[in-house]
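S.K.: can't give you the sequence, but here's the structure:
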């Protein structure tokens, strides 16, 4: 079996990964991930959402990566580059997703390193993200040096409709490279 490969998804390559990205999103949501969708997320809705991401990729607002093995999409992450004139130093890490059977293989860490490298290349010194408060993801982000900014109660509901707090994390890339 070939090793997993990190790839940047571009306007030209998006169609190649579309089906795998849809399958990955459905896997995450149907297994309870609170990533903005409800449990009844359909494949059509997932395709439509990924088309909106494709538009943002084409516009240069979002950078998108996948990790693939034998052309199966195992993991993905997005980096949303702030477009506001007063926020060109920041970017938001979004939708870090790993297929359930591909977890604990370092794929998320590989994706986060790519995000940080690209942020640096785009002169973004502040990265931030939100995740379900109390989830194992918090330990993961802390292990990468991200700091908890705070929590917001009842911020978002999980796919089954139960509201939970979210934890907001950040890192200053200048401190990491210093």
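M.R.: Arrived safely, thanks for sending. Predicted model, so just to flag it, every value in this text is computed and none were measured.
S.K.: alpha carbons only for contacts and neighbour counts from here, please
M.R.: Will do.
S.K.: Residue 156: what's it in contact with?
M.R.: 34, 36, 163, 164, 165, 166 (C-alpha atoms under 8 Å, 6 or more residues apart in numbering).
S.K.: in what helix or strand does the last one lie?
M.R.: The reference is to residue 166. strand 163-172 (DSSP states H and E).
S.K.: What lies in contact with that strand?
M.R.: With contact meaning C-alpha under 8 Å, 6+ apart, strand 163-172 is reached by 125-133, 138, 141, 145-158.
S.K.: That strand pairs with which strands?
M.R.: Strand 163-172 pairs in its sheet with strand 126-132 (antiparallel), strand 147-157 (antiparallel), by DSSP bridges.
S.K.: Show me where the protein has its strands.
M.R.: 5-9, 62-69, 72-81, 90-98, 126-132, 147-157, 163-172 (DSSP state E).
S.K.: circling back to that earlier point, buried ones only from the contacts of strand 163-172, please, as a PyMOL command.
M.R.: In PyMOL, a selection of the buried entries from these looks like this (16 or more other C-alpha atoms under 10 Å):
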select buried, resi 125+126+127+128+129+130+131+132+133+138+141+145+146+147+148+151+156+157+158
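S.K.: coming back round to it: would JSON lines of the strands of the chain with mean pLDDT be doable?
M.R.: Listed next are the strands of the chain as JSON lines, based on pLDDT from 0 to 100:
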{"stretch": "strand 5-9", "mean pLDDT": "97"}
{"stretch": "strand 62-69", "mean pLDDT": "98"}
{"stretch": "strand 72-81", "mean pLDDT": "98"}
{"stretch": "strand 90-98", "mean pLDDT": "98"}
{"stretch": "strand 126-132", "mean pLDDT": "97"}
{"stretch": "strand 147-157", "mean pLDDT": "96"}
{"stretch": "strand 163-172", "mean pLDDT": "97"}
